[in-house]
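Q: Need coordinates for the below:
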Amino acid sequence: MAKNLVIVESPTKAKSITKMLGSNYKVKATYGHLRDLPKSKLGVDIEDDFEPKYIKVRGKAKTINELKKEADNAQNVYLATDPDREGEAISWHLQYLLGLDKNEKNRVEFHEITKNNVKNAIKNPRKIDQNLVDSQQARRVMDRIVGYEISPILWKRVKSGLSAGRVQSVALKLIVDRQKEIDAFKPEEYWTISAKHKEEKIEFESEFYGTKSKKIKISNENGADKILNKIDKDKFEVVDISKTKKKRKAQKPYTTSTLQQDASNKLGFSTKYTMSLAQQLFEGIDLGDKGRVGLITYMRTDATRLSSEIIGESLSYIKEKYGSKYASNGRNYSKKSKQTQDAHEAIRPTSIYNDPISVKDYLTDQQYKLYKMIWTRVVQSQMTDYEYLSTSISLDSNGIVFKASGKITLFDGFMKVSSSKENENFLPDLEKGDVIKATSITKNQHFTKPPANYTEASLVKVLEEYGIGRPSTYSSTIASIISRNYVEFEDRKILPTKLGIRVNDFLQENFNDVINVEFTAKMENELDRIAQDEVYWKDVLKGFYEGFEKDLNAVSKDTNDYKVKDKILDEKCPKCGSPLAIKHGRNGKFIGCTNFPDCNFTKSIIKTTGVKCPKCNDGELIEKVSKKGKRFYGCSNFPSCDYATWDTPTGDRCPECGDLLVHKKNRSTDEIKCNSCDYVKEKIR
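A: Below is the predicted model of the structure:
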């Protein structure tokens, strides 16, 4: 019988830690929450000072009994749930379920799953931090009250089966407000004029600026033509040259928010998938002879600081690999805010010497991409600045000023380890007074564009900027409004559905006091204050409920119609002959019988492309969604035909190989090309 019992949440983490601690320790997993508020009722006694009524989670009795038996037979019990507020609360519930002494130091935190870190944590247990627990309790109770009080009203006023969340509803409001802003946007016309030049075999462009005294905006074609008529194509005099040496520092190491943003923008990962991969890297990867090791530190953090040990290790690695001139003097980053605990670091590799290439064979492609991004960001943060020469040239043609800008790298610095190279723009070596020609001058019409729809990356960024949610909630917040069919994706853009707009309209009309950006950010700050022992958690709940209760009592006065009506189709039900309709369910839109519940016929909505499959020449390419939530196009005859493409099929065939031409569009590419070979029909940008 092992003398020591260590309890973690995940069996994967348990497997990693078991090998590190040896035979005197038994490591067991809770497999998630063991004690929580009941699902079938509110579970909060509002009259009794908001006292939560916790119960054992259904289906967890066997796990609880096994842990209780192990704890009773162990000399020491260590509660090693995740090192955040939710993890602290799970340990608190474990303490209660196992009958452990409240005053005993049995809480340990593993910020990284490495042998040294795990053993050091076991040597330094502490008491459970009741302030962190109470902060999590306040969040849980607040969210429960909002969900259980508003959801039945939504069923009655909008559509049955709906639910509302406190933070999720604010995220929905941001998305709907942005869409309304886009819909109301009126584009304004403007024109630009550019000139092409060639001097000393260097081709470059200059852009119309205005006059010597001011910048001028061209609002119509007539204005552009007037300027063109004044320009002497053969006489562009250099009137000013400005050369400035500039430096750019590397970005700070990743927080949860910035990792999710970059993984979305650079890798196309959803926030949910990013956190799943990060959890795998944190909990442990089998590295062959090195054994099972956690490759990164805990992935839910808003800190950017690094430990002195990892800074020293980074600098040693940089000097060995790239030379001393690439190593900085050692950079650390201060705490993001007073709420960021000193024990928390940025997301970083547990060892810089586990460089991406050395561990690649042990990782999946997606794990490797995310790990490489994390590793590179930390190494770059300890490297010297990128240095470049910025040049600006002003050209005058009959009083009309054009400007050209150039950029030349002087020292690559932290860009040495970047997978992408810095764009350089060379200019000829001109002097003031030189006169050059324009090989061509063109005018171009443009229109101002509305603000962009949110993507997962930009939504996470704005949630963090507004102070809404915390590292542990960004991913679940977005996943929640997606699963409720309040929003949908289109080319990575998050668009509100008709249902989402109706729900938001109802909430803003009736619960705007508590479901708004300012109040939600204030509540997040209050939760932080609870964690810092600056305010009592039940006092925060009282303050929240006062305004919420007023809204609940007043909702009956709203007589607006928010009902989402099903769209009747010109198609009959094959079972009963009643009309079919497009309905809204938990998992999105579907086609169902209007005679429900007497008839339960349903079928999926298939988004067709009208493009015949080039492989079997029988099926049609239809829009599908992968397990990772990414859209692709596959043959309707699957599984007998496995043809698929990530890019939008155009219906045209490649003149070189016969495969489909597709529209490939991402951050760096927008073109019509072949799905198989290198043939490109059109480069849009």
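
Q: Gln260 and Lys272 touch, don't they?
A: No - using Cβ atoms under 8 Å, Gln260 is not in contact with Lys272; the gap is 9.4 Å. Every residue, glycine included, has its C-beta placed from N, CA and C.

Q: and Asp570, that's in a strand?
A: Yes - judged by DSSP: H, G, I helix; E, B strand; the rest coil, Asp570 forms part of a strand.

Q: How many residues are close by it?
A: 6 (other Cβ atoms under 10 Å).

Q: try Lys3
A: Lys3: 12 neighbours (other Cβ under 10 Å).

Q: In the helix or strand where Thr274 lies, which residues are buried?
A: According to DSSP states H and E, Thr274 maps onto helix 271-283. Residues of helix 271-283 classed as buried by neighbour count (16 or more other Cβ atoms under 10 Å): Thr271, Lys272, Tyr273, Thr274, Met275, Leu277, Ala278, Gln279, Gln280, Leu281, Phe282, Glu283.

Q: follow-up on the earlier one: what touches both of Gln260 and Lys272?
A: Common contacts of Gln260 and Lys272, defined by Cβ atoms under 8 Å, 6 or more residues apart in numbering, comprise Ser475.

Q: Correct me if wrong: Lys538 contacts Phe50.
A: Yes - applying Cβ under 8 Å, one finds Lys538 in contact with Phe50, separated by 5.4 Å.

Q: And the two? Which one has more around it.
A: Phe50 (21 against 16).

Q: Setting the sequence-adjacent residues aside, check what's closest to the more buried one.
A: Leu541 (4.5 Å; Cβ to Cβ, 6 or more residues apart in numbering).

Q: Surely that neighbour forms part of a helix?
A: Yes - under three-state DSSP, Leu541 falls within a helix.

Q: Make a markdown table from the buried residues of helix 271-283 and add distance to Lys156 and pLDDT to it.
A: Converted to a markdown table, these look like this (distance: Cβ to Cβ, whole Å; pLDDT from 0 to 100):
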| residue | distance to Lys156 | pLDDT |
| --- | --- | --- |
| Thr271 | 32 | 93 |
| Lys272 | 31 | 91 |
| Tyr273 | 36 | 93 |
| Thr274 | 37 | 95 |
| Met275 | 35 | 95 |
| Leu277 | 41 | 96 |
| Ala278 | 41 | 97 |
| Gln279 | 39 | 96 |
| Gln280 | 43 | 96 |
| Leu281 | 46 | 98 |
| Phe282 | 44 | 97 |
| Glu283 | 44 | 96 |
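
Q: For my notes, please list the residues you listed in CSV and give distance to Ile582 for each entry.
A: Formatted as CSV, these follow (distance: Cβ to Cβ, whole Å):
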residue, distance to Ile582
Thr271, 29
Lys272, 27
Tyr273, 29
Thr274, 32
Met275, 33
Leu277, 35
Ala278, 37
Gln279, 37
Gln280, 38
Leu281, 41
Phe282, 42
Glu283, 42
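
Q: What residues does the residue nearest to Phe50 make contact with?
A: Per Cβ under 8 Å, 6+ apart, neighbours of Leu541: Phe50, Ala138, Val141, Met142.

Q: Then Lys369 would be within a strand, right?
A: No - under three-state DSSP, Lys369 falls outside any strand and is assigned helix.

Q: just checking, Tyr388 touches Ile408?
A: Yes - the pair Tyr388 and Ile408 passes the contact test of Cβ under 8 Å, sitting 6.3 Å apart.

Q: Which one of the two is surrounded by more residues?
A: Using other Cβ under 10 Å, the more surrounded residue of Tyr388 and Ile408 is Tyr388, with 22 against 14.

Q: check which helix or strand covers the more buried one.
A: Going by DSSP H and E, Tyr388 is in strand 386-397.

Q: Any stretches of the protein with poor pLDDT?
A: Low-confidence segments of the chain, defined by pLDDT under 70: 1-2, 334-343, 585-588, 627-629, 666-668, 684-685.

Q: ok, 50 please
A: 338-342 (pLDDT under 50).

Q: domain ranges for it?
A: Listed domain ranges for the chain are 4-128, 137-185+452-557, 189-249+386-447, 256-381, 567-603, 610-683 (source: automatic domain parsing).

Q: Any idea how far the shortest one is from the middle of the chain?
A: To tie it back to what came earlier, the one meant is domain 567-603. A distance of 35 Å separates the C-alpha centroid of domain 567-603 from that of its chain, computed with Cα atoms, centre = their mean, to the nearest Å.

Q: Okay, Ser213 and Val401: tell me how far apart.
A: 9 Å (Cβ to Cβ, to the nearest Å).
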